[in-house]
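Participant: Just need the structure, nothing else, for what follows:
(chains A and B)
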Number of protein chains: 2
Amino acid sequence: MSERPGGRTARVRAAVLRAAEDALIEKGFAGLDLADVARRAVVGKTTVYRRWKTVPALVADLLVDMAAQSRPRADTGSLEADLRENARLVQRTLTDPRQGPLFRAFLAAALTDPETAAALHGFYATRIAEWAPCVSAAVRRGELPADTSASEVVRAVSAPLYYRLLVGDPLEPHHADTAVTAAIAAARAGTYVSAGRP
Amino acid sequence: MSERPGGRTARVRAAVLRAAEDALIEKGFAGLDLADVARRAVVGKTTVYRRWKTVPALVADLLVDMAAQSRPRADTGSLEADLRENARLVQRTLTDPRQGPLFRAFLAAALTDPETAAALHGFYATRIAEWAPCVSAAVRRGELPADTSASEVVRAVSAPLYYRLLVGDPLEPHHADTAVTAAIAAARAGTYVSAGRP
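Facilitator: Model prediction:
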């Protein structure tokens, strides 16, 4: 559509995605319904069905929007400080009163629905690519072994936090800091040195 | 009930739990239904309702049974070899044609249902307590710093494997080995030294 950004199309999308978030938090993926989302967004049902077609496609669009809007990486000049910002961001997101239940719904859906799994995989690929340069810069500064996989280090920071969420362990800021300490120690020891893998 | 182990009560439980697994794999937690489980198990509906009462209670009993039946820890005398056995077991379980979908269903349910979350937490507590002595032995042998939290090291081995499952990354045996290398490097660096926490 030849419409200026911020026009009606963008406003409709924003309203529908916000309504989809509300519905996901309240009812979960299995309870999501395009007609209900249209009602909540005060948007015509036909518009929602024509534009998004299916529930997994709507959830995928929500994840694309969240990836586009999410916070740019830190650039403090210190690997530990950069990764700590990332880890604290993950910890805050997963325990946030709104984002927490929303991510639980995404993760639960992705565990059983392949289309949502692909969309969530895309979301994390975007986030990991955003933060990987913090690690690459540390490699260039000689703080980590050459050929360390920057994306594996970023994954290593997130993993214990998602694991705690998954198995029902508490998830506090100090767990974020421990995740960073562990990832850096493992990276320094050469654990994430890859043979040409990014 | 005063019945010998392996008697009718045990046989009914085994049949019902097996049927609950089948139903979880096919339909997920949201599609689980006690009447359907009774039909699959060829057990009277009344028996199932009287004994398990609710779907979350049945899933919780399934997790208790799985924890009781799961494999005892390794005891090779080498921390790395012990933890590798644990990591490979987790990797095999999460990618197994039957256990994989079953664990996905448990995890998806636990993310949104508090009763299942508590049951899954209990399952992991049992598994972590089973494997923690591998780490405690290594601490006694002087291979890891004194006061290293054995359970945190065991969690650190599992975390990257569950994270890969969750975000849709491949999960192969070499990822299990990398998880062990990372956990040991972090533990050696003192990351999991705790002030009196187990």
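Participant: show me what contacts the nearest residue to residue A:76 once chain neighbours are set aside?
Facilitator: Distances taken as CB to CB, 6 or more residues apart in numbering or on different chains place residue A:82 nearest to residue A:76, at 5.4 Å, with adjacent residues excluded. In this view, the C-beta of every residue, glycine as well, is placed from N, C-alpha and C. Taking CB atoms under 8 Å, 6 or more residues apart in numbering or on different chains as the contact definition, residue A:82 lies against A:73-76, A:131, A:134.
Participant: Kindly state the domain boundaries assigned to chain A.
Facilitator: Using automatic domain parsing, the domain parsing of chain A gives A:8-53, A:67-188.
Participant: Just the endpoints, please. Distance across the last one?
Facilitator: Okay, so that is domain A:67-188. Domain A:67-188 has an end-to-end distance of 30 Å (criterion: CA to CA, to the nearest Å).
Participant: could you give me the average pLDDT of it?
Facilitator: Across domain A:67-188, the average pLDDT comes to 96.
Participant: circling back: you'd agree the residue nearest to residue A:76 is in a helix?
Facilitator: Yes: counting by DSSP: H, G, I helix; E, B strand; the rest coil, residue A:82 is located in a helix.
Participant: now it: how far from chain B?
Facilitator: Using CB to the nearest CB, to the nearest Å, one obtains 18 Å as the distance from residue A:82 to chain B.
Participant: ok so, going back, can I get the domains of chain A in a markdown table including distance to residue B:18?
Facilitator: A markdown table is the format used below for the domains of chain A (distance: least, CB to CB, whole Å):
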| stretch | distance to residue B:18 |
| --- | --- |
| domain A:8-53 | 24 |
| domain A:67-188 | 21 |
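Participant: most packed of those domains?
Facilitator: Counting by mean count of other CB atoms under 10 Å in any protein chain shown, domain A:67-188 has the highest mean neighbour count of these, with a mean of 19.
Participant: Do the longest helix that chain A contains and chain B come into contact?
Facilitator: The longest helix of chain A (DSSP state H) is helix A:114-140. Yes: judged by CB under 8 Å from any CB of the partner chain, helix A:114-140 and chain B are in contact via A:117-118, A:120-121, A:124.
Participant: Would you point out the most distant pair within the contacts of residue A:82?
Facilitator: Maximum pairwise distance among these (CB to CB): 12.5 Å, between A:76 and A:131.
Participant: circling back to that earlier point, need the residues of helix A:114-140 next to chain B in JSON lines with distance to residue A:107, can you?
Facilitator: Shown next, in JSON lines, are the residues of helix A:114-140 next to chain B (distance: CB to CB, whole Å):
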{"residue": "A:117", "distance to residue A:107": "10"}
{"residue": "A:118", "distance to residue A:107": "14"}
{"residue": "A:120", "distance to residue A:107": "7"}
{"residue": "A:121", "distance to residue A:107": "12"}
{"residue": "A:124", "distance to residue A:107": "11"}
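Participant: Give the helix, strand or coil label for residue A:146.
Facilitator: coil.
Participant: Return the residues in contact with it.
Facilitator: So residue A:146 contacts A:139, A:193 (CB under 8 Å, 6+ apart).
Participant: Next, it: phi, psi?
Facilitator: phi -60, psi 150 (degrees, to the nearest 10).
Participant: Please tell me how far it sits from residue A:190.
Facilitator: Separation of residue A:146 from residue A:190 (CB to CB, to the nearest Å): 10 Å.
Participant: hang on, the earlier thing: among the contacts of residue A:82, which one sits closest to chain B?
Facilitator: Of all the contacts of residue A:82, residue A:131 has the smallest distance to chain B: 13.9 Å, by CB to the nearest CB.
Participant: Confirm for me that the closest one is in contact with residue A:85.
Facilitator: No: using CB atoms under 8 Å, residue A:131 is not in contact with residue A:85, being 9.1 Å away.
Participant: For residue A:192, which non-adjacent residue is closest in space?
Facilitator: Counting by CB to CB, 6+ apart, the residue nearest residue A:192 is residue A:152, at 4.2 Å.
Participant: doesn't residue A:190 make contact with that neighbour?
Facilitator: No: here residue A:152 lies out of contact with residue A:190, judged by CB under 8 Å, at a distance of 11.7 Å.
Participant: Contact residues of chain A facing chain B?
Facilitator: So chain A meets chain B at A:28, A:30, A:104-105, A:107-112, A:117-118, A:120-121, A:124, A:155-156, A:158-160, A:162-163, A:165-169, A:178, A:181-183, A:185-186, A:188-189, A:191-192 (CB under 8 Å from any CB).
Participant: Now do the helices in chain A.
Facilitator: So, for chain A - with DSSP H - the helices run A:8-27, A:34-41, A:45-52, A:55-69, A:79-95, A:99-112, A:114-140, A:150-167, A:173-188.
Participant: can you give me how far the last one is from the chain middle?
Facilitator: Spelled out, that is helix A:173-188. In terms of CA atoms, centre = their mean, to the nearest Å, the centre of helix A:173-188 is found 19 Å from the chain centre.
Participant: So which other helices or strands are in contact with it?
Facilitator: Applying 3 or more CB pairs under 8 Å, 6 or more residues apart in numbering or on different chains; DSSP states H and E, one finds that helix A:173-188 contacts helix A:79-95, helix A:150-167, helix B:173-188.
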